[in-house]
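Visitor: Whatever this is, show me its structure:
(one chain, ligands or ions: 1)
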Amino acid sequence: MSKVRIYTLAKDLGLENAKLLEILDGLGVAYKSVSSTIEEDTVVLIKEILAEEGAAEAQAPAATPETQPTAAAEKDTAEKATGQTNTAQQDRAEAKTEQTSEPASTSEAPAAATPAAAPAQDIPHRAPVVTIMGHVDHGKTSLLDYIRKTKVAAKEAGGITQHVGAFEAQTSKGKIVFIDTPGHEAFTTIRARGANVADIAIIVIAADDSLMPQTREAIAHAQAAKVPMLVAINKVDLPQADPERVKTDLTQLNLVPEEYGGDVIVVPVSARTGEGVEDLLEYISLTAELEDLRADPKGEFAGVVIEGKVDRQAGVLATVMVQEGTLHVGDFLVVGESYGKIKAMTDSNGGRIKDAGPSTPVQVLGFSEVPSSGEKVQAAKNEHAAREIIAARAQDRRDAENARTQRRLTLEEMMGPLGTVRTVNLILRADTQGSVEAIQGILARKESDDVKINVMLAGIGAPTEGDVLLASTAEATILCFSVTASGGVKKIADTKGVDIKSFRIIYELIDEVDRLLKGNLEPVFEEQYLGRAEVRMVIHHPKSGNIAGSYVTDGSLKRNAKAKVTRGKEVVYEGTIVGLKRFKDDVREVQTGYECGINVDWDGVKEGDIIEASEMVEVEQA
Ligand SMILES: Nc1nc2c(ncn2[C@@H]2O[C@H](COP(=O)(O)OP(=O)(O)OP(=O)(O)O)[C@@H](O)[C@H]2O)c(=O)[nH]1
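Guide: Predicted structure coming up:
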């Protein structure tokens, strides 16, 4: 007897997945997700139920003006099942009329041509916002490229995605918005925010590499953000690809793939050949449909900054994701403590647009200051209202700062200055706000109880003469990411003895920070055992005093090592091996199994004593 997947059956029957799940719930049939399979018996039962419902509907007097009998029947069915009047089917019909808000869907859309006859309070569906996360080089950019049919990876320095972007993709399943989150650990901050902006997370895992540290991190972020997760096993075209290993590895994280009886959807794909990409899009659509994502284009505007930067020609540009309401050219927007009036908007293809509804990423021109990634964007009625919002926020911030200052003073008074803590002063310069924040995020995690990092200034653009002056008085290092100092600034830095270090690859910058941190750490030494020797005879030397004629029983003994002399259980002397001889020769080291003469600069040594040697070694600090 053959089995059928739930979403395939829903498609065949022209039903919403949610509706079919309701019927299955009613029948008490267990399933994990829409891609679970059900028995043919159950399919027969479902068909009978639907036929009965259809017959009942046909007998009932037409209560609504809807022209589509299928939509009406399903509406009624769903109402019976849920007890609600706002059915998914009805909303889908409305969403269709919104054009841009239609979520990807695999089921039919019977009411597509019908203008929304639903009550005004019903909120239409919106397109899902998807973030692609995973380990570096596992193919996130390539996968997006394949979906967008453009080449982005080739343009990036060092092959690493440097900025967050967002793109709309018109797929065969409808509109899906992808947030292109960078892969390297450095961008954890942005990635975390990416997951929060996103409705669905795709975890890309290379089939030839399996789970890597950033894969685990990405999974943790998606879990923390409580967004549904799909796993794309990429690079399945490679001969060494081992998708089964990836699935097994996933189970170790309690992520059990469906085919192993779990509920994690795992899709094998190749960004190179395109294999499986359609399936992935279909799963995204299915997940989105179940999430029942809605936003009101007529509601109050709410959005989030994905990325902010300064363009030499255009000025401040910000990518904003519209989450609620609609943005219009000419609107006043407030972000943090700055505001702007939208002078122009472009969509993800670079085309000028005048309005942007929910789930639309737009590049906005008109902010006076570069907004930070992840910041919330609010609309203001007019300039006056925008200023008022900012004034209130500035006051809140000042109040909070004052409270912090007071707390710090009290602490200092109580504890006094912490003289042992060292501080590394840094000035950060990067090409975008996103990069600045990402680097700051990492730096914060690198601080320890012994070394503090003081970012004196963090800004966008090349370092200035002012930065150099600040660095020289504060003994700070200037770290640049994707920006370089002009010749003039470099010259001043040279004369002032200020280091300006520029990097195009984030982890090289981080390596430099590690070096700076190490340079500022007090070295930590640890006593390390070397070996021991048994004193077999004591020889008196007229110049050096008593020499212990010994036999090395373990490890080795070294000249200048620390020496501990024990007699029975008692430590009788602690000093240094000032002399070590083999026959008449001075030696540096004597190994196990050899006899030697040991001078510990103590005449009390006796036959039968044990001399234990150890040395102080510098330990690597984390
Ligand atoms: N054979 C094969 N190679 C792939 C596939 N997907 C990506 N690659 C290659 O893997 C390398 C890394 O791909 P990217 O798309 O840059 O990876 P990424 O995860 O975006 O990397 P970062 O942006 O650096 O985090 C590139 O050389 C790609 O050509 C695939 O499906 N098959």
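Visitor: Residue 228 and residue 202 touch, don't they?
Guide: No. Distance between residue 228 and residue 202: 10.1 Å, which falls outside the contact criterion (C-beta atoms under 8 Å). Bear in mind the C-beta positions are built from the backbone N, C-alpha and C, glycine included.
Visitor: These two - which one has more neighbours?
Guide: Neighbours per residue, other C-beta atoms under 10 Å: of residue 228 and residue 202, the larger number sits with residue 202, 27 against 17.
Visitor: wait, is that one part of a strand?
Guide: Yes. Looking at residue 202 with DSSP: H, G, I helix; E, B strand; the rest coil, it is inside a strand.
Visitor: Count the residues that sit near the spatially closest residue to it that is not a sequence neighbour.
Guide: Nearest residue to residue 202 in three dimensions, chain neighbours excluded: residue 132, at 4.7 Å (C-beta to C-beta, 6 or more residues apart in numbering). The number of residues packed near residue 132 is 27, by other C-beta under 10 Å.
Visitor: Distance check, residue 132 against residue 398.
Guide: The span separating residue 132 from residue 398 equals 40 Å under the rule C-beta to C-beta, to the nearest Å.
Visitor: Now residue 435: phi and psi?
Guide: Note on residue 435: its backbone torsions stand at phi -70, psi -40 [degrees, to the nearest 10].
Visitor: Surely it and residue 481 touch.
Guide: Yes. With contacts counted by C-beta under 8 Å, residue 435 reaches residue 481, the gap being 5.3 Å.
Visitor: Looking at these two, which one has more neighbours?
Guide: Of the pair residue 435 and residue 481, residue 435 is the one with more neighbours under other C-beta under 10 Å, namely 28 against 23.
Visitor: picking up where we left off before, give me the common contacts of residue 435 and residue 481.
Guide: When C-beta atoms under 8 Å, 6 or more residues apart in numbering defines a contact, the residues bordering residue 435 and residue 481 alike are residue 506.
Visitor: Pop the domain breakdown of the chain in here.
Guide: Structural domains assigned to the chain are 3-99, 129-291, 302-402, 412-519, 525-618, following automatic domain parsing.
Visitor: any idea how far the fourth one is from the chain center?
Guide: Put plainly, it is domain 412-519. Computed by C-alpha atoms, centre = their mean, to the nearest Å, the separation of domain 412-519 from the middle of its chain amounts to 23 Å.
Visitor: report the longest strand in the protein, please.
Guide: strand 524-541 (DSSP state E).
Visitor: Sheet partners, orientation included, of whatever helix or strand comes next after it?
Guide: Using DSSP states H and E, the helix or strand that follows strand 524-541 towards the C-terminus is strand 545-558. Partner strands and pairing direction for strand 545-558 (DSSP bridges) are strand 524-541 (antiparallel), strand 589-591 (antiparallel), strand 595-599 (antiparallel).
Visitor: Out of these, which gets nearest to the ligand?
Guide: Checking these against the ligand by C-beta to the nearest ligand atom gives strand 524-541 as the closest, at 35.0 Å.
Visitor: CA atoms only for that closest one, dumped as CSV, please.
Guide: As requested, C-alpha coordinates have been extracted for strand 524-541 and formatted as CSV (Å, rounded to 0.1, in the frame of the first residue of the first chain):
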residue,chain,number,x,y,z
VAL,A,524,51.6,33.7,33.4
PHE,A,525,54.0,31.0,34.4
GLU,A,526,53.2,27.6,35.5
GLU,A,527,55.5,25.1,37.3
GLN,A,528,56.0,22.1,35.1
TYR,A,529,57.5,18.8,36.4
LEU,A,530,60.7,17.7,34.6
GLY,A,531,62.0,14.6,36.3
ARG,A,532,63.6,13.1,39.3
ALA,A,533,66.9,11.5,40.4
GLU,A,534,67.9,9.3,43.3
VAL,A,535,71.1,10.4,45.3
ARG,A,536,73.4,7.4,45.4
MET,A,537,76.5,9.1,46.9
VAL,A,538,77.6,12.5,48.1
ILE,A,539,80.9,13.9,46.8
HIS,A,540,82.5,16.9,48.4
HIS,A,541,83.9,19.4,46.0
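Visitor: I'd like the numbering to begin with 46 instead of 1 from here.
Guide: New numbering, starting at 46: the last item is strand 569-586.
Visitor: Show me what whichever strand or helix holds the residue nearest to residue 247 is in contact with.
Guide: Following DSSP H and E, one finds residue 177 within strand 174-179. Contacts of strand 174-179 with the rest of the structure, by C-beta under 8 Å, 6+ apart, involve 185, 188-189, 211, 221-226, 228, 236, 239-240, 242-250, 259-260, 263, 266-267, 272, 277, 329, 366, 404.
Visitor: And the average pLDDT for it is what?
Guide: Strand 174-179 shows a mean pLDDT of 88.
Visitor: Relative to that strand, what are the paired strands and their orientations?
Guide: Each strand that pairs with strand 174-179, with its direction, by DSSP bridges: strand 219-225 (parallel), strand 245-251 (parallel).
Visitor: what sits opposite residue 400 in the beta ladder?
Guide: When bridges are assigned using DSSP bridges, the partners listed for residue 400 are residue 373.
Visitor: OK, contacts around it?
Guide: By C-beta under 8 Å, 6+ apart, residue 400 lies in contact with 371, 372, 373, 374.
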